[in-house]
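J.: Dropping the sequence and predicted coords here.
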Amino acid sequence: MDVNWGSELKEIRKEMGISQEKMAKLLGYSSKHIISRIESGNKEMSTISVKCVKFAYRLYKEGLLSKVDYM
């Protein structure tokens, strides 16, 4: 995991307009508290989850993924 991944996840999540609860559901976590722990640096994410978030964010930035696509 990147040293600053938690803060990067928070930044990405906020820019995309996703709540911690929604991000948890999208990544298959059972609770928004897991996202909170990741963002605060108290929990790591799997490499595949990191790659999925970064890929979705890249699609979002390029305009290929709208908010409707993941809501």
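T.: Yep, it's here.
J.: rest of the way, CA atoms for contacts and neighbours
T.: Will do.
J.: With adjacent residues omitted, what lies nearest to residue 10?
T.: In space, and not counting its chain neighbours, residue 10 is closest to residue 39: 5.8 Å by C-alpha to C-alpha, 6 or more residues apart in numbering.
J.: Could you give the number of residues near residue 12?
T.: Neighbour count for residue 12, taken as other C-alpha atoms under 10 Å: 17.
J.: what's the answer for residue 23, then?
T.: By other C-alpha under 10 Å, 21 other residues sit near residue 23.
J.: gap between residue 23 and residue 16?
T.: 10 Å (C-alpha to C-alpha, to the nearest Å).
J.: wait, residue 7 sits on residue 36?
T.: No: in terms of C-alpha atoms under 8 Å, residue 7 does not count as a neighbour of residue 36; the distance is 10.3 Å.
J.: from what I can see the residue nearest to residue 10 touches residue 13, true?
T.: No: counting by C-alpha under 8 Å, residue 39 stays clear of residue 13, with 10.0 Å between them.
J.: Give me the neighbour count for residue 65.
T.: Other residues near residue 65 number 14, with proximity taken as other C-alpha under 10 Å.
J.: what's near enough to touch it?
T.: Contacts for residue 65 were tallied using C-alpha atoms under 8 Å, 6 or more residues apart in numbering; they are 56, 59.
J.: For the lengthiest helix in the chain, name the packing helices and strands.
T.: Secondary structure assigned by DSSP state H gives helix 47-61 as the longest helix of the chain. Judged by 3 or more C-alpha pairs under 8 Å, 6 or more residues apart in numbering; DSSP states H and E, helix 47-61 is in contact with helix 5-16.
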